[in-house]
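1. Show me the folded form of this:
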Amino acid sequence: MVGNGSNRPVTRRGISTQRLIWIVLAALAISACIAFRFYRGANSAQAITPIFKKTDGDAKTLDAANSKPPTSDSTKPLVVAIVNGESIARDELARETLRQFGKEVLEGLTNKYLIEEQCKKQKITVTQQEIDGEIDHMARKFALTKDQWMKLLQKERNVNPAMYGQDVVWPTLALRKLAAAKLTVTREELGKGFESQFGEAIKARLIVTKSLKKAQAIRKEALAKPDEFGLLAKKFSEDVNSASANGMIQPIRRHLGDPKLEEAAFSLKPGEISQVVPVGNLYALLKCEGRLPPIEADHAEVDPLLIDAIRDRKLAAANDMLRQFQEDAKRDEAVVNVYNDPKKSQQMPGVAAMIYQRKVTIRELAEACIDRHGNEVLEGILNRRLLEQALRKRNMKVSRTDIDAEVARAALSMGKTKPSGEPDVDAWLDTVAKEQKTPIDLYIQNAVWPSVALKKLIGSVVKVTDEDLKRGYEANYGPRVRCRAIIMSNQRKAQEVWEKARDNPSVKNFGDLAEQFSVENNNRQLRGEVPPIQRWGGQPILEKEAFVLKPGEISGVIQVGENFVILLCEGYTKPMNIKFSEVKQVIYDDLLEKKERIAMARQFELIKDGAQLDNYLAGIVQTPKKPDKPGGDDLDKELNEPEEARAPGRTHAQK
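-> Numbers count the residues shown, from 1 in each chain. Here you go, the predicted structure:
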């Protein structure tokens, strides 16, 4: 999007808690962007030497060639989980985390050690007290305790609390000290930061094209009919995000986007249309929809947050500093990556890398992978083990033929076909590897194999009835209700708005109310416009209310989940002129796949609920639950009730 990307909430007076949180989050995102490169991993397949070896009896000890990681305890549990009496060894978890994340985790460790080497050279230290202080500082900005902050990070960013201090905070503080001379915030920078956050803003609509001639033609038409600027944006703008919202963009603020676009926006009065503004290789038009006044904010309260945000934004320049560290190490041949070199791996068994004469062992790398990604990988191992156990109980196996058939089905469903109409498996796997950036072996292991296993376990329980087909046809090709909607989260407020809509049930008044009161941003921008409501689309209460309305009528207040919705009927679409016999097979295939997915999910829930799971890594113990969901014949009955066709989705023809 060419327009300003700000989506911060604006209030007339004072600074909201939500805005404070946004500022802090922005600072966190920037300051942690480099550190998270050390923390995050990516898929990587790699053959490894044994990490553990058996000694007397069944006990396992570390290979003598592998040294203990500096930050790890001398003892690690050799069993990380037990599922229905079967143990999952730490060795198995280590191998799997290394296979999936070893390459990128090693890159992170290397970067961390390069920073550490520079700190040694410049006699810079980061103490544990400073790390704890920074964590407390971040938590206080959100009015959270340290424990609450760590839980939030784990939930929102999947950051292991145990590693957060050393792998995120430590590199950030170290880079901040290394780049201290470049992090001074001037009064001018602080002033611009304040103006960006709390200064006047412009509500605007945007049209973007790649052609100057086209932009000039659109401007001429817009000047002739300024009230239709939104329709012109929807029809001609090449910026999809704003075009889908009739050109509406988030309020434009100073010093955040393209200077020429901001200058054009702030020169407009409400209702005025800008000249054509060149932005890179694109051409933009703006229409001013109004000016938002400055937000009152206490400098004493917000300046420290702004200074942090500006300083951390400058810290992004540490990427250049890190690249210099990497180039220096490469020039000095100070980094030897053994892990990714099969020949060196044979020459240096048990070693992952040498960094400035510092040995990083396979054991250390494995433990780092477990620390960062152990929980998610272990969950995958446990889920697979549960399916393997369920298959064994029923004397079932997943064969290579089954795997190949499922991959071919996936290729066909994703439109990867040969001229003959047969599935193009090679093209599909190439898409998986290149576009989805997933190694083929992991795709087979984590997506294909579980699907095949669950399909075998549900057997022939899924059926598509004549009633399902009828509803699927009606949902996809039948009439739909064209509505506007106001969406609110408070019932009392919804009743007040409903009364205002009832007193003046015009489209304009309803749109004004949606723009003013709806809690959903897109709904506000589109003045309540929503896609036409279909039958059997998965929201029976909403559909029932919509289909009894006549054009111009307003519904009651409808509770949909946690929200409250008011509808204004604008009319009905015409049914599509397509015979049932022409699309019956397409509808059948779509419904069968949907119902299979539902059955597979429920089957796995039943398997998991009935398991004895002891996950020592996550500290979770689960005892088998009494079945409170259908199984066997009951599952068959529930899955094949007509209500399951309530949400058939769109057919491939509709997609």
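2. Can you tell me the SS state at residue 202?
-> What DSSP: H, G, I helix; E, B strand; the rest coil gives for residue 202 is strand.
3. So what's the residue count around it?
-> 23 (other CB atoms under 10 Å). C-beta coordinates here come from the backbone N, C-alpha and C atoms, glycine included.
4. hey, what's it bridged with?
-> With DSSP bridges as the criterion, residue 202 is bridged to residue 252, residue 291.
5. The one 5 residues further on now?
-> Applying DSSP bridges to residue 207 gives these bridge partners: residue 285.
6. That one against residue 230, yeah?
-> No - counting by CB atoms under 8 Å, residue 207 sits too far from residue 230 to count as a contact (9.5 Å).
7. neighbour-wise, which of the two wins?
-> Between residue 207 and residue 230, counting by other CB under 10 Å, residue 207 is the more crowded of the two (31 against 23).
8. Now do the contacts for the more buried one.
-> Contact partners of residue 207, counting by CB atoms under 8 Å, 6 or more residues apart in numbering, are 215, 218, 222, 229, 232, 233, 236, 237, 239, 247, 284, 285.
9. Can you check the pLDDT for it?
-> Residue 207 carries a pLDDT score of 95 in this model.
10. where's it relative to residue 271, distance?
-> 16 Å (CB to CB, to the nearest Å).
11. before we move on, what about residue 591?
-> Distance from residue 591 to residue 271, by CB to CB: 50 Å.
12. Who has more neighbours out of those two?
-> Ranked by neighbour count (other CB under 10 Å), residue 591 and residue 271 place residue 591 first, with 24 against 12.
13. Which strand or helix spans residue 323?
-> For residue 323, the host element (DSSP states H and E) is helix 318-331.
14. Following element in sequence after that helix, please.
-> Assignment by DSSP H and E places the next element after helix 318-331 at strand 335-337.
15. Identify each of the strands in the stretch 401-550 of the chain and give its residue range.
-> For the stretch 401-550 of the chain, the strands defined by DSSP state E, counting those that start in this stretch cover 481-488.
16. Repeat that for the stretch 101-250 of the chain.
-> 201-209.
17. quick revisit: any shared contact partners between residue 207 and residue 230?
-> residue 247.
18. For the helix or strand in which residue 372 is found, buried residues please.
-> Using DSSP H and E, residue 372 falls within helix 362-393. Buried positions in helix 362-393, judged by neighbour count with 16 or more other CB atoms under 10 Å: 362-375, 377-378, 381-388, 390-391.
19. and stretch 348-363, what's its mean pLDDT?
-> 92.
20. list the buried ones in it?
-> 348, 350, 351, 352, 353, 354, 355, 359, 360, 361, 362, 363.
21. Okay, and which of those map to helices?
-> 362, 363 (DSSP state H).
22. Figure out how far stretch 113-126 is from the centre of its chain.
-> Here stretch 113-126 is found 35 Å from its chain centre; the criterion is CA atoms, centre = their mean, to the nearest Å.
23. Give me the average confidence score over it.
-> 90.
24. Quick one: residues in contact with it.
-> 170-171, 173-175, 177-178, 322, 325-326, 329, 334-335, 355-356, 358, 360.
25. sorry, back to before: show me which of the contacts of residue 207 is closest to residue 460.
-> The nearest member of the contacts of residue 207 to residue 460, counting by CB to CB, is residue 239 at 49.1 Å.
26. doesn't residue 210 make contact with that closest one?
-> No - between residue 239 and residue 210 there is no contact under CB under 8 Å: 10.5 Å.
27. The two - which one has more neighbours?
-> Using other CB under 10 Å, the more surrounded residue of residue 239 and residue 210 is residue 239, with 19 against 10.
28. picking up where we left off before, columns distance to residue 202 on top of the buried residues of stretch 348-363, output as TSV?
-> Formatted as TSV, the buried residues of stretch 348-363 follow (distance: CB to CB, whole Å):
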residue	distance to residue 202
348	61
350	62
351	59
352	54
353	52
354	56
355	51
359	58
360	53
361	58
362	57
363	58
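29. Which ones among the buried residues of stretch 348-363 map onto strands?
-> Per DSSP state E, strands hold the following members of the buried residues of stretch 348-363: 351, 352, 353, 354, 355, 359, 360, 361.
30. Any stretches of the stretch 301-450 of the chain with poor pLDDT?
-> 315-319 (pLDDT under 70).
31. cool, and the stretch 501-650 of the chain?
-> Applying pLDDT under 70 to the stretch 501-650 of the chain flags residues 627-650.
32. if we can go back for a sec, what's the helix holding residue 372 packed up against?
-> Judged by 3 or more CB pairs under 8 Å, 6 or more residues apart in numbering; DSSP states H and E, the packing partners of helix 362-393 are strand 79-83, strand 86-89, helix 90-121, helix 161-164, strand 351-355, helix 449-458, helix 580-609, strand 613-615.
33. quick check: angle from that helix to helix 90-121?
-> 160 degrees (axes from the mean of the first three to the mean of the last three CA atoms, to 10 degrees).
34. How far does helix 362-393 sit from its chain's centre?
-> 23 Å.
35. how about TSV for the helices and strands packed on helix 362-393, with distance to residue 200 added?
-> TSV is the format used below for those (distance: least, CB to CB, whole Å):
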stretch	distance to residue 200
strand 79-83	57
strand 86-89	59
helix 90-121	42
helix 161-164	39
strand 351-355	51
helix 449-458	54
helix 580-609	50
strand 613-615	54
